[in-house]
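[1] Model the following, please.
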Amino acid sequence: MIDQVEIPEFHPYAELFLVTYLSQGLRVKGYLAIPAGEGPFPLLVYCRGGIRNVGMTRLAWVSRFVSEGYIVFAPFYRGNRGGEGREDFGGEDRHDVLDALSWLSELSQVNKSEIHLFGFSRGAIMALFAAMEFPFVKSVIVWGGVSDLALTYEERIDLRRMLKRVVGDSPQKVPEAYAWRSPIYRVDELSCPVLLVHGTKDEQVGIEHSLRLAAALKDNGKTYTCLFYEGWGHFFSAAVWEEAFSRMFQWCRGQ
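    Take a look at the predicted model:
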């Protein structure tokens with residue numbers, strides 16, 4: 001981390017900072033929330049979904065997570081909110097999580113045996129790849145998460161132009177580029193438990209992503225838990241969100 005600026009009036013029992021750090025030599029930005037007290041505290045890295053201004057980090061979620069006593073880091077990914085570079089949907093921008101984990105794990109306030117990753121939507125790509133690279137990660141939560149980018153291309157006609165531009169072309173033309181961005185093909189490298197949370201009627205990231213990921217985890221002898229919410233889509237009602245978050249943190253504490 002090379003710079004931090006406190007953002008006032010965020011939470012009565014936590015501090016929030018806008019931080020700048022280096023990822024592959026690029027200045028990248030994100031939020032760092034730290035609970036009041038001496039710590040050390042568990043760490044939750046919140047990998048947002050979407051791309052650029054679509055799906056940007058939700059401060060309400062950062063606040064909810066820090067209220068559980070976690071230090072929360074939420075990278076914006078490169079090219080966003082004044083950061084350098086250009087986001088590329090789980091390509092080189094995965095280093096925005098990898099490089100952050102290198103300095104986050106050295107913070108004195110962080111309990112190094114309690115580092116968890118949370119990936120929402122396409123943020124699941126970032127979280128899963130980071131868990132593969134860092135064996136000290138204790139668990140990873142995949143929430144409405146993308147596991148196979150070629151499947152996203154099939155499902156989301158509205159995203160095909162963006163995917164062709166960012167990835168290089170269609171999965172038929174550059175299958176290796178889509179596979180490289182698809183953590184489902186590398187689940188054998190995971191060493192931590194995985195929690196899969198998904199709405200069964202999700203039309204933005206179909207539940208097939210979680211079903212295929214669960215099958216791959218099972219085939220590779222990995223530990224995983226599924227929380228599937230019948231009838232819900234990519235976003236839940238406030239009451240269902242709260243219930244799901246509570247179950248998620250209960251699961252984290254049990255790992």
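[2] And Gly37, which helix or strand is it part of?
    For Gly37, there is no host helix or strand (DSSP states H and E).
[3] Find the residue ranges of the stretch 151-255 of the chain scoring beneath the pLDDT cut-off.
    Under the criterion pLDDT under 70, no range of the stretch 151-255 of the chain is flagged.
[4] what about the helices in it?
    Here the stretch 151-255 of the chain has its helices, by DSSP state H, counting those that start in this stretch, at 160-167, 175-180, 208-219, 238-253.
[5] Which one of the ones you listed lies nearest to Ser105?
    Of all these, it is helix 238-253 that lies closest to Ser105, at 17.1 Å by C-beta to C-beta. From N, CA and C alone the C-beta is placed, and that goes for glycine too.
[6] hmm, who's touching the closest one?
    42, 44, 64, 68, 116, 138-139, 141, 143, 195, 197, 225, 227, 229, 232, 235-236 (C-beta atoms under 8 Å, 6 or more residues apart in numbering).
[7] which of the residues in that helix are buried?
    Neighbour counts over helix 238-253 (16 or more other C-beta atoms under 10 Å) mark Trp241, Ala244, Phe245, Met248, Phe249, Trp251, Cys252 as buried.
[8] With stretch 193-206 instead?
    By 16+ other C-beta under 10 Å, the buried positions in stretch 193-206 come out as Pro193, Val194, Leu195, Leu196, Val197, His198, Gly199, Asp202, Gln204, Val205, Gly206.
[9] nearest to Asp99, of those residues?
    When these are compared for distance to Asp99 (C-beta to C-beta), Val194 wins out at 22.6 Å.
[10] Name the nearest residue to the closest one, ignoring sequence neighbours.
    Leaving aside its sequence neighbours, Val194 sits nearest to Tyr224 (C-beta to C-beta, 6 or more residues apart in numbering; 4.3 Å).
[11] repeat for Ser113
    With C-beta to C-beta, 6+ apart as the criterion, Ser113 has its nearest non-adjacent residue at 6.9 Å, and that residue is Lys138.
[12] I figured that neighbour hits Leu195, correct?
    No. The criterion here is C-beta atoms under 8 Å, and Lys138 misses it with Leu195 at 11.5 Å.
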